[in-house]
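In: sequence first, predicted model second:
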Amino acid sequence: MAVVVAAGALALAGCGTTTGSTTGSAARQDGGTAIDVVATTPVVADFVRNVGGGRVHVDQILKPGLDPHDYEPSPADVQAIADADVVVKSGVGLEHWLDDTVSSSGYGGQVVDSSHGVTIRPGDSADPMGDPHIWHDPADASIMVGNIAAALESKDPAGAATYQKNATAYQAQLAALDARDKAEIASIPAAQRQLVTNHDAFGYYCARYGITFVGSIIPSFDSSAELSGKELSDLVTRIKQTGVRAVFSESSLPPKTAQTVAQEAGVQVVGGEDSLFADGLGPVGSPGGTYLGAERHNTDTIVKALGGRV
């Protein structure tokens, strides 16, 4: 998707709506000036806030509930990037719109790829760089946090001790999340550890915790891919043959097709407030408004529906 932003768009950005952020440097409590960081997704923005603390001001491009696969940047996004000291992305091609947006902004600083060092699962024709949903494995999330800390240290050496301290503390929380997830999923009878979701976003999660991924409504890592009637019919057949207990809807996608597939297969559909956070987080202040809260919600929901104990 090409991003077409005329030069005049930058002048308009200040009058337009933003995507959940404001631009401009903020003062720190110690009197210094906070680093302006533009983070592409809610997950990456949450990581930057936890690592940067009061030394950073975060502009988050995607609002909760928006689909990163199908996002169209606004002039306000371009302006935020133009004003940024650091830009952080999730990576692995998730933000296919970012390069054009950065180019349009005239930003010449560092674009931090937080996926650096993560072992990437194979992709498909829509995502040839690989499966971009790396954060669903807490061990990969820990690598992302480490990369963000290193980038902030490079930009603000005076804050190195703070960034390292914050990153280490947050990585300990990620390790605790991982242990919690393992314990809960172990309570699911082995034959029932099977997952069907809206789109193929939980490959890293399934690999981490020994869950069999049976299929998805949209058989792609890209949620904007087109549906196929035959593939839906084949999925219903697989659900019946394998004894899958539930179809899980996702918070950023319409639930209708998941409901239809579940009905035809004779299993429950998990949606509404129980929808999984596949591509982002919940609203700020909600239980799923942080990465840790969203991942705990996902595991609790999956474990309950598949017959385990929470």
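Out: That came through fine.
In: so where is this structure shaky, pLDDT-wise?
Out: Counting by pLDDT under 70, the chain shows low-confidence ranges at 1-25.
In: now do the strands in this structure.
Out: For the chain, strands defined by DSSP state E occupy the ranges 35-39, 56-60, 86-89, 110-113, 194-199, 212-218, 246-248, 268-270.
In: turn those into TSV, columns for distance to S228 and mean neighbour count.
Out: Heads up, the C-betas are built off the backbone N, CA and C, glycines and all. Formatted as TSV, the strands of the chain follow (distance: least, CB to CB, whole Å; neighbours: other CB atoms under 10 Å):
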stretch	distance to S228	mean neighbour count
strand 35-39	34	26
strand 56-60	34	24
strand 86-89	30	24
strand 110-113	32	18
strand 194-199	13	25
strand 212-218	9	21
strand 246-248	17	28
strand 268-270	20	19
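In: out of these, nearest to L227?
Out: Closest approach to L227 among the strands of the chain (CB to CB): strand 212-218, 6.3 Å.
In: quick one, that closest one and strand 194-199 angle?
Out: Relative orientation of strand 212-218 versus strand 194-199 (axes from the mean of the first three to the mean of the last three CA atoms, to 10 degrees): 20 degrees.
In: reformat the strands of the chain as JSON lines; add distance to Y205.
Out: Formatted as JSON lines, these follow (distance: least, CB to CB, whole Å):
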{"stretch": "strand 35-39", "distance to Y205": "22"}
{"stretch": "strand 56-60", "distance to Y205": "23"}
{"stretch": "strand 86-89", "distance to Y205": "21"}
{"stretch": "strand 110-113", "distance to Y205": "21"}
{"stretch": "strand 194-199", "distance to Y205": "8"}
{"stretch": "strand 212-218", "distance to Y205": "9"}
{"stretch": "strand 246-248", "distance to Y205": "11"}
{"stretch": "strand 268-270", "distance to Y205": "15"}
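In: isn't A26 up against V58?
Out: No. Using CB atoms under 8 Å, A26 makes no contact with V58, being 9.7 Å away.
In: one step back: closest to P132 out of the strands of the chain?
Out: With distances scored as CB to CB, the stretch of the strands of the chain nearest to P132 is strand 86-89 (10.2 Å).
In: got the contact list for the closest one?
Out: Residues outside strand 86-89 that contact it (CB atoms under 8 Å, 6 or more residues apart in numbering): 35-41, 44, 47-48, 81, 95, 98, 102, 107, 109-114, 148, 151-152, 155.
In: ditto for stretch 283-303
Out: With CB under 8 Å, 6+ apart, stretch 283-303 has contacts from 43, 46-47, 64-65, 135-136, 138, 141, 173-174, 177, 180-181, 184-185, 187-188, 195, 205, 211, 248, 251, 270, 274, 276-277, 281-282, 309-310.
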